[in-house]
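# 3D, please:
(2 chains)
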There are 2 protein chains.
Amino acid sequence: MADASLAALSATEAAAEMALGTISAEDYTRACLERIAAVEGEVHAFIHLDPDYAIAQARALDERRRNGQPIDPLHGVAVAIKDIFDTADYPTECGSPLLKGRRPVRDCTAVARLRAAGAVIIGKSVTTEFAYFHPGATRNPHDPERTPGGSSSGSAAAVAAGMVPLAIGSQTNGSVIRPASFCGVYGVKPTHGTISRHGALILSMALDHVGVFARSLADCALILDVLAGYDAEDPDSRPSASPAFRATVAQKPPSPPRLAFVRTPVWDKADAEARAAFESFAISLGGAVRLIDLPEPFAAAWADQRVIMYTDMAHNFGALVERGGDASSKQLRDLVAEGSRNSALRYLAARDGALRYRAGLADILKDYDAILTPSAPGVAPKGAATGNPAFNTLWTLAGLPAVSLPLLKGEGGMPIGVQLVGAFGDDARLLRTANWLAAIAARA
Amino acid sequence: MADASLAALSATEAAAEMALGTISAEDYTRACLERIAAVEGEVHAFIHLDPDYAIAQARALDERRRNGQPIDPLHGVAVAIKDIFDTADYPTECGSPLLKGRRPVRDCTAVARLRAAGAVIIGKSVTTEFAYFHPGATRNPHDPERTPGGSSSGSAAAVAAGMVPLAIGSQTNGSVIRPASFCGVYGVKPTHGTISRHGALILSMALDHVGVFARSLADCALILDVLAGYDAEDPDSRPSASPAFRATVAQKPPSPPRLAFVRTPVWDKADAEARAAFESFAISLGGAVRLIDLPEPFAAAWADQRVIMYTDMAHNFGALVERGGDASSKQLRDLVAEGSRNSALRYLAARDGALRYRAGLADILKDYDAILTPSAPGVAPKGAATGNPAFNTLWTLAGLPAVSLPLLKGEGGMPIGVQLVGAFGDDARLLRTANWLAAIAARA
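You can find the predicted model right below:
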């Protein structure tokens, strides 16, 4: 019987203890596996999990430490991997019966970086079908009648349920920020191109982002420093210096941060309770926040995102879905049919639109440290549907970095996330601003 | 009366003389202007030319030299600019009545780099309508009944007629290599993204390349070193070191170059005379050349290029052309109509095709220094039509660097170009291989 308190450690604490040798990677991993065994029957966060293999990884890391080899930043830390990221050990099935039993030959870049940093790849977490809407088996750890959100359902739930301190997911529309909000954990989706998507399921090169889940911003910074970096295999990767997340996150902002409270054109999609919670939260921040409205042209962003996402998904796996017939959900087949009907000119106009929104938001963010906006329209809904990503669409389309902070509560004590959106490429500063906001909220 | 022999100097010679001060930039510019005045009535290479303004630039450069300021690599050298590149001094009308009188506010990146390197921007050269097929007034300097080729018609003709030693053009399909072949000059189209297109007319970001014309490879290298370089404003620009063209072009190859003679699936579009000239030229090179056939999937490249080019042109200026009605040629209006009909999936499949052709050609070019293939289907045809770019399509679509060398003669002594195509990003080596080939041809 492992010490149950180990599984509750933050990733930063666990990594520090294992680096010092005060706990072994094996003991820590066993504690995580026992926590998983205790709650997995209710949460269903994992689709592929092999406790013996996880322990074997941990033992190899302990051996490495005994041999005097260098200790890496995630040494021994358990990480859950959304099942759209190729792994050489576990199958990668992308939540689709069409890919049942698929076994990739090698790790994707993100998993390879985690492994090289000493992480224990504990298992593959549940994704919705092809990281789109049709849900998997995962339930919300705060209330099993509710969705954990999607598409990174298992990753958000595993972190929220204390199974692992860290998990990775992906976001094409709202698949990191929305489940982070519903599950009451921190979620970060860095700037487009910051983390390589090489070897991950590609829905849309223009829209796909890799993101992370953790129970603190310090832990987000720890894993982001490992994941962020140039990869020539990802066409949107930028050969610039990686953001210094850990070095920046806890810094005191050099001047008091200013936030733009943006309700967006989809404000009426938020429920009354969430709108009220947001408005009183914004008011509680006083002079740090200013309410601004987006100029009218931004209203077309939601339609543009749909054209790009549906077309690119039809391009990337429409033929597979069509061949598979009823094996795919009606939702996915309808998406492929709609995406296949778009004209090239409509598609290119939407791609141009994305660049215009990015430029327009850059203008706004010259005057603010971040945009403050809901992570989701309210608490996690009951039933299987994974919820509405409308509050994530614009920022994802524009490629801006976003964080969800679990700062508010709604119906039945369920969490509501506060979203901060930063300037393109200014990821570390966004985390610093988020840390400042979390500290203010903790004092309130 | 200027010394007429000055206009006949190579750019390298002229730059060296002006750097030493043995000739002034003003005298040199006057000589070029007199040569232009003597032959422009027959050739029609320029659409905008202001002799007083050209002389004013030259005088400023002479003044700069007298003041002891640093002498730049193109100090005083006259360069003609295809009228699709924005210039702050001359209008930029892109060969279309729809843009008559258009005056840009600033220079495009390419012109700004030339100016910063000391060039005299002598005037704007004739382009076909929107750099597509509908011809301008330029005639072939070797035979006024024949086309100079297009779309960089005036740039190729101005260099061939001895008006200027250097000119810049652009190639979306065959608009540098084909006119270079027809006019009997050297033309170079470097790897996609090597020279910035910021501030130039964009037909298709995926296909557009900036290229150069000169009467020697050394002169091509001189201007390419000035033009090549990273520009954050061009999304396809690569932040890598520029090729060292001048340092490499005249080097002896470290081992005897090997050429792959590729006839391409459009070989039957070449006329019998050109096919015979090519085959005997290839045979004359003996063991350095091996005939290879492209695998069957390459045959789809021509259709893919058409989808990308027509769609992107319809996207970039279809609305302008449609509003302009009869002011545009039927050819251009038909292109816009066809491009507007393509589906997004067909377009994305064509874009994927381009990457596959690039990868396939990279495999072939592992074993060869360059591909040897015709620059055009034969000599410049009579009449207004600018000729067939079929021998340029594949390499342009794949983004590979290409050179046309004026080594063969056909009907009526008209020039036929020999095209060499290099590996993606291996531009300087391609120029070195071309220089080796030109030396062999000169000895034969």
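# please count neighbours and contacts with C-alpha atoms only from this point.
Fine.
# up against chain B, what does chain A have?
A:239, A:311, A:314-315, A:340-349 (Cα under 8 Å from any Cα of the partner chain).
# so which residue is dead centre in chain A?
By Cα atoms, centre = their mean, the mean C-alpha position of chain A lies nearest to A:Val176, the distance being 3.0 Å.
# OK, contacts around A:Leu9?
Contact analysis of A:Leu9 by Cα atoms under 8 Å, 6 or more residues apart in numbering or on different chains lists A:Pro165.
# and it, what pLDDT?
What the model reports as pLDDT for A:Leu9 is 97.
# that one and A:Met18, how far apart?
11 Å (Cα to Cα, to the nearest Å).
# ok so, going back, among the residues of chain A next to chain B, the buried ones, what's the PyMOL command?
Of these, the buried ones go into a single PyMOL selection, burial set by 16 or more other Cα atoms under 10 Å in any protein chain shown:
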select buried, chain A and resi 311+314+315+340+342+343+344+345+346+347+348+349
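# show me the residues of chain A next to chain B that map onto helices.
Using DSSP state H, the subset of these located in helices is A:311, A:314-315, A:340-341, A:344-349.
# which one of these is nearest to chain B?
Of all these, chain B sits closest to A:Ala344, with 3.7 Å by Cα to the nearest Cα.
# so that closest one touches B:Tyr347, yeah?
Yes - contact criterion Cα atoms under 8 Å: A:Ala344 and B:Tyr347 qualify, at 6.2 Å.
# common neighbours of those two, please.
The contact sets of A:Ala344 and B:Tyr347 overlap at B:Thr311 (Cα under 8 Å, 6+ apart).
# quick one: the strands in chain A?
A:46-49, A:78-82, A:120-125, A:166-171, A:186-189, A:209-214, A:259-262, A:289-292, A:370-374, A:402-409, A:415-421 (DSSP state E).
# closest to B:Leu74 out of those strands?
Nearest to B:Leu74 among the strands of chain A is strand A:209-214; the distance by Cα to Cα comes to 45.4 Å.
# partner strands of that closest one, parallel or antiparallel?
Strand A:209-214 sits in its sheet next to strand A:166-171 (antiparallel), strand A:186-189 (antiparallel), going by DSSP bridges.
# now render those as TSV, adding distance to A:Phe424, mean neighbour count and mean pLDDT.
As requested, the strands paired with strand A:209-214 are exported to TSV (distance: least, Cα to Cα, whole Å; neighbours: other Cα atoms under 10 Å in any protein chain shown; pLDDT from 0 to 100):
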stretch	distance to A:Phe424	mean neighbour count	mean pLDDT
strand A:166-171	16	29	98
strand A:186-189	12	32	98
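# tell me which of those strands sits nearest to A:Thr373.
Per Cα to Cα, nearest to A:Thr373 of those: strand A:186-189, 14.4 Å.
# tally of neighbours for the closest residue to A:Lys189 other than its chain neighbours?
Counting by Cα to Cα, 6 or more residues apart in numbering or on different chains, A:Gly211 is the residue found nearest to A:Lys189 once chain neighbours are left out, at 4.3 Å. A:Gly211: 28 surrounding residues under other Cα atoms under 10 Å in any protein chain shown.
# again with A:Trp436
When neighbours are defined as other Cα under 10 Å, A:Trp436 has 18 of them.
# how about the one 5 residues further on?
In terms of burial, A:Ala441 registers 14 neighbours under the definition other Cα under 10 Å.
# which ones are touching the closest residue to it other than its chain neighbours?
Among residues not flanking A:Ala441 along the chain, A:Leu407 sits closest, at 6.9 Å (Cα to Cα, 6+ apart). Neighbouring residues of A:Leu407 by Cα under 8 Å, 6+ apart: A:415-418, A:438, A:441.
# from A:Arg178, how far out is A:Leu407?
Distance, A:Leu407 to A:Arg178, using Cα to Cα: 14 Å.
# please apply the same query to A:Asp89.
For A:Asp89 relative to A:Arg178 (Cα to Cα), the value is 29 Å.
# over to A:Ile36?
23 Å.
# so if I had to pick from these two, which one is more boxed in?
Taking neighbours as other Cα under 10 Å, A:Ile36 and A:Arg178 compare with A:Arg178 leading, 38 against 23.
# you'd agree that one is up against A:Pro377?
No - the criterion here is Cα under 8 Å, and A:Arg178 misses it with A:Pro377 at 9.1 Å.
# ok, A:Ser204 - contacts?
A:Ser204 sits next to A:172, A:308-309, A:312-313, A:316 when contact means Cα under 8 Å, 6+ apart.
# A:Ala110 touches A:Thr194, doesn't it?
No - using Cα under 8 Å, A:Ala110 is not in contact with A:Thr194; the gap is 11.0 Å.
# specify which residue of the two has the higher count of neighbours.
Set side by side, A:Ala110 and A:Thr194 show more neighbours around A:Thr194, with 30 against 26, by other Cα under 10 Å.
# now that one: how far from chain B?
Distance of A:Thr194 to chain B, computed by Cα to the nearest Cα, to the nearest Å: 17 Å.
# look up the closest residue to that residue, ignoring the ones flanking it.
Spatial nearest neighbour of A:Thr194, chain neighbours left out: A:Ala228 (5.4 Å); criterion: Cα to Cα, 6+ apart.
# state the distance from A:Asp352 to B:Leu33.
For A:Asp352, the distance to B:Leu33 (Cα to Cα) stands at 43 Å.
# pull the number of nearby residues for the closest residue to chain B within the stretch 1-150 of chain A.
Scanning the stretch 1-150 of chain A for the residue nearest chain B gives A:Phe130, at 19.0 Å (criterion: Cα to the nearest Cα). A:Phe130: 25 surrounding residues under other Cα under 10 Å.
# so who does it touch?
Contact analysis of A:Phe130 by Cα under 8 Å, 6+ apart lists A:84, A:94-96, A:201, A:203.
# how many residues are close by A:Ile364?
16.
# gap between it and A:Gly422?
Taking Cα to Cα, one finds A:Ile364 at 10 Å from A:Gly422.
# follow-up on the earlier one: of A:Asp352 and B:Leu33, who's got more company?
Neighbours were counted for A:Asp352 and for B:Leu33 using other Cα under 10 Å; B:Leu33 has more, 25 against 12.
# please tell me I have it right and that one contacts B:Met163.
Yes - if you go by Cα under 8 Å, B:Leu33 and B:Met163 touch, sitting 7.3 Å apart.
# for the nearest residue to A:Glu338 once chain neighbours are set aside, give me the pLDDT.
In this structure, A:Glu338 finds its nearest non-sequential neighbour in A:Tyr310, 6.8 Å apart by Cα to Cα, 6+ apart. If you check A:Tyr310, the pLDDT there is 98.
# what sits against A:Tyr310?
Contact partners of A:Tyr310, counting by Cα under 8 Å, 6+ apart, are A:335-336, A:338-340.
# wait, isn't A:Arg358 in contact with A:Ala398?
Yes - counting by Cα under 8 Å, A:Ala398 is a contact partner of A:Arg358 at 4.6 Å.
# more neighbours, the two?
The residue with more neighbours, out of A:Arg358 and A:Ala398, is A:Ala398; 27 against 19, by other Cα under 10 Å.
# now that one: how far from chain B?
Using Cα to the nearest Cα, A:Ala398 is found at 16 Å from chain B.
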